[in-house]
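Sequence below, structure please.
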Amino acid sequence: MHPHPMTAKRPSQPRSDPTGPRRVQAEGPSDLPADLPADPQSGSHTRPATSRYATDDAKWTAVATRDKQADGEFFYSVRTTGVYCRPSCGARLPRRENVAFHTDMAAAELAGFRACKRCKPGQGALDARHAALITAACRRIETAEVPPPLETLAAEAGLSPHYFHRLFRSVTGVTPRAYANARRAERVRDALPAAQSVTSAFYDAGFNSNGRFYASADALLGMKPAAFRAGGKAESIRFAVAQCSLGALLVAATSRGLCAISLGDDPEPLVRELQDRFPKAELVGADAQFERWVAQVVGFVESPHIGLSLPLDVRGTAFQQRVWQALRDVPAGQTASYAQIAERIGSPRAVRAVAQACASNRLAVAIPCHRIVRNDGALSGYRWGVERKRALLAHERDGHGDDTGQGTL
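Below you'll find the predicted structure:
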């Protein structure tokens with residue numbers, strides 16, 4: 001198909017949120033998987049079916065492997081120590097002949113056993129307690145005018161600074177300092193359009209040094225802060241829409257590379273979304289060179305095995321970029337779970353943060369978040385529709401794709 005350039009005609013109806021990227025929750029269909037652990041604030045937890053641990057052999061396997069999913073399904077006691085534990089307890093594995101199983105804590109205590117002081121079965125799952133502590137620390141960082149020192153956050157959590165720092169990173173995928181910087185950058189993005197000056201915006205957001213702000217501003221905003229404040233004024237964005245087997249396809253690029261690849265049923269909403277991100281940018285139709293770029297993107301959608309060797313203008317936090325790079329390392333025709341991506345970037349507990357980074361991706365197919373599935377292999381949410389996700393995966397399987405990365409940064 002040939003791309004059809006469109007003029008930068010503004011929509012007649014006013015649009016809200018002209019200030020650019022927002023929190024993931026406010027942007028389009030969520031990419032959060034349905035099998036993620038519940039938010040620790042909600043107090044809800046998803047438990048596996050009891051039938052998984054219906055036999056003593058299954059229960060012993062769960063104890064031997066310290067299966068965290070078995071916590072709450074049953075408890076086990078050790079005759080030689082007189083204590084009972086949750087299945088995931090990190091204590092030394094007892095001999096099988098000394099172990100008995102109990103349906104709940106009351107049954108274990110009625111049999112004469114006392115609660116383990118290490119796994120503390122009466123205080124809820126350790127992961128849930130840790131998640132609650134880190135959630136509270138995140139709220140503290142988000143609401144503080146000046147980011148609290150590590151020592152203060154650790155003291156409030158009742159942990160040593162070293163352990164708190166390690167725990168925070170394992171849960172969120174970033175350090176407390178990086179998390180604070182990301183939240184401050186978000187406040188800058190929100191404040192810049194209405195601020196009297198760039199300086200006032202970054203000081204109000206909590207940056208105490210213009211050097212610190214400008215060192216990261218380009219990657220976070222994708223342009224100079226003054227241009228972002230002006231709604232993308234003086235930023236030239238080439239764009240065009242084309243038709244492919246998945247419907248309408250919008251491709252846009254700055255001078256650095258592709259900044260948006262969007263899919264939809266109708267091109268008009270795709271163009272409007274681009275205009276809303278940078279309402280004062282100069283949106284220009286495709287020239288001959290850009291038409292070739294669009295043709296390459298269309299070809300890549302239809303035949304993923306050919307790869308896509310175009311420059312990408314990737315804008316996001318350091319954590320998001322780590323996730324997006326991991327996505328680009330998943331070969332065409334293969335899939336990975338959110339948990340596997342979290343493992344690959346060295347943050348195995350940051351599954352929810354990985355899902356949010358996937359949902360923030362604005363470069364369909366180039367950053368292949370469609371290759372991420374639930375732990376059971378089922379398809380989860382996708383910004384551009386689950387059916388398109390299914391079709392993209394089918395294209396890759398049928399084409400026996402072998403590319404291991406798309407685009408150049």
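
Could I get the full set of strands for the stretch 1-150 of the chain?
Applying DSSP state E, counting those that start in this stretch to the stretch 1-150 of the chain gives strands spanning 75-78, 83-85, 99-102, 114-115.

The residue nearest to Val284 when sequence neighbours are not counted bridge partners, please.
Leaving aside its chain neighbours, Val284 sits nearest to Arg238 (5.4 Å; criterion: C-beta to C-beta, 6 or more residues apart in numbering). Any C-beta I mention is one placed from the backbone N, CA and C, and that applies to glycine too. As for beta bridges, Arg238 partners with Ala253, Val284 under DSSP bridges.

hang on, isn't Arg238 packed against Glu291?
No. Using C-beta atoms under 8 Å, Arg238 makes no contact with Glu291, being 9.8 Å away.

on that earlier part again, need the strands of the stretch 1-150 of the chain in TSV (columns: mean neighbour count).
Shown next, in TSV, are those (neighbours: other C-beta atoms under 10 Å):
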stretch	mean neighbour count
strand 75-78	24
strand 83-85	24
strand 99-102	18
strand 114-115	15
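
can I get those strands in JSON lines with distance to Leu270?
Output for the strands of the stretch 1-150 of the chain, formatted as JSON lines (distance: least, C-beta to C-beta, whole Å):
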{"stretch": "strand 75-78", "distance to Leu270": "54"}
{"stretch": "strand 83-85", "distance to Leu270": "55"}
{"stretch": "strand 99-102", "distance to Leu270": "57"}
{"stretch": "strand 114-115", "distance to Leu270": "57"}
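
Nearest to Val386, out of those?
Go through those one by one with C-beta to C-beta and the one that ends up closest to Val386 is strand 75-78, at 39.2 Å.

Remind me what that closest one packs against, helices and strands.
Strand 75-78 sits against strand 83-85, strand 99-102, helix 105-110, with contacts defined as 3 or more C-beta pairs under 8 Å, 6 or more residues apart in numbering; DSSP states H and E.

Select, out of the ones you listed, the one closest to Phe164.
Among the helices and strands packed on strand 75-78, strand 83-85 comes nearest to Phe164, with 25.1 Å by C-beta to C-beta.

For the stretch 1-150 of the chain, give me the ranges with low pLDDT.
Scanning the stretch 1-150 of the chain with the threshold set as pLDDT under 70 gives 1-51, 124-127.

what about the helices in it?
With DSSP state H, counting those that start in this stretch as the criterion, the stretch 1-150 of the chain has helices at 56-64, 105-110, 126-143, 150-157.

And those: which comes nearest Ala339?
The nearest among the helices of the stretch 1-150 of the chain, by C-beta to C-beta, is helix 126-143 at 13.1 Å.

Residues touching that closest one, excluding its own?
37, 39-41, 45, 68, 88, 119-120, 123, 147-148, 153, 156-159, 164, 167-168, 171-172, 176, 179-180, 183, 349 (C-beta atoms under 8 Å, 6 or more residues apart in numbering).

Name the residues of that helix that are buried.
Neighbour-count burial for helix 126-143, counted by 16 or more other C-beta atoms under 10 Å, picks out Leu126, Asp127, Ala128, His130, Ala131, Ala132, Leu133, Ile134, Ala137, Cys138, Arg140, Ile141.

To Leu392, which of the helices of the stretch 1-150 of the chain lies closest?
When the helices of the stretch 1-150 of the chain are compared by C-beta to C-beta, helix 126-143 sits nearest Leu392, at 32.5 Å.

what angle separates that closest one from helix 150-157?
Compare the direction of helix 126-143 with that of helix 150-157 by axes from the mean of the first three to the mean of the last three C-alpha atoms, to 10 degrees and you get 130 degrees.

any idea of the mean pLDDT for stretch 247-254?
Per-region confidence: stretch 247-254 scores 91 on mean pLDDT.

Let me fix that, I meant to ask about stretch 154-165.
90.

Give the buried residues for that stretch.
By 16+ other C-beta under 10 Å, the buried positions in stretch 154-165 come out as Ala154, Ala157, Leu159, Pro161, Phe164, His165.

Kindly report the same for stretch 292-307.
Under the neighbour-count criterion of 16+ other C-beta under 10 Å, stretch 292-307 has Trp293, Val294, Ala295, Gln296, Val297, Val298, Phe300, Val301, Pro304, His305, Gly307 buried.

from what I can see the second one touches Ala242, true?
Yes. Taking contact to mean C-beta under 8 Å, the distance of 5.5 Å between Val294 and Ala242 places them in contact.

ok so, going back, format the helices and strands packed on strand 75-78 as TSV; extra columns: distance to Asp265.
Listed next are the helices and strands packed on strand 75-78 as TSV, based on distance: least, C-beta to C-beta, whole Å:
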stretch	distance to Asp265
strand 83-85	54
strand 99-102	54
helix 105-110	54
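
if we compare those, which one ends up closest to Leu312?
Here strand 83-85 is closest among the helices and strands packed on strand 75-78 (C-beta to C-beta), at 49.3 Å.

Name the strands paired with that closest one and say parallel or antiparallel.
The sheet places strand 83-85 alongside strand 75-78 (antiparallel), strand 114-115 (parallel), with pairing taken from DSSP bridges.

Which one of the helices of the stretch 1-150 of the chain lies nearest to Val354?
With C-beta to C-beta as the criterion, Val354 lies closest to helix 126-143 of those, at 14.9 Å.

one step back: ok, so of the buried residues of stretch 154-165, who is nearest Asp56?
Using C-beta to C-beta, Leu159 is the member of those that sits closest to Asp56, with 36.6 Å.

just the helices in the stretch 251-400 of the chain please.
For the stretch 251-400 of the chain, the helices defined by DSSP H, counting those that start in this stretch cover 267-277, 288-302, 318-328, 338-344, 351-359, 386-399.

what packs against the fourth one?
Helices and strands touching helix 338-344, as assessed by 3+ C-beta pairs under 8 Å, 6+ apart, comprise helix 318-328, helix 351-359.
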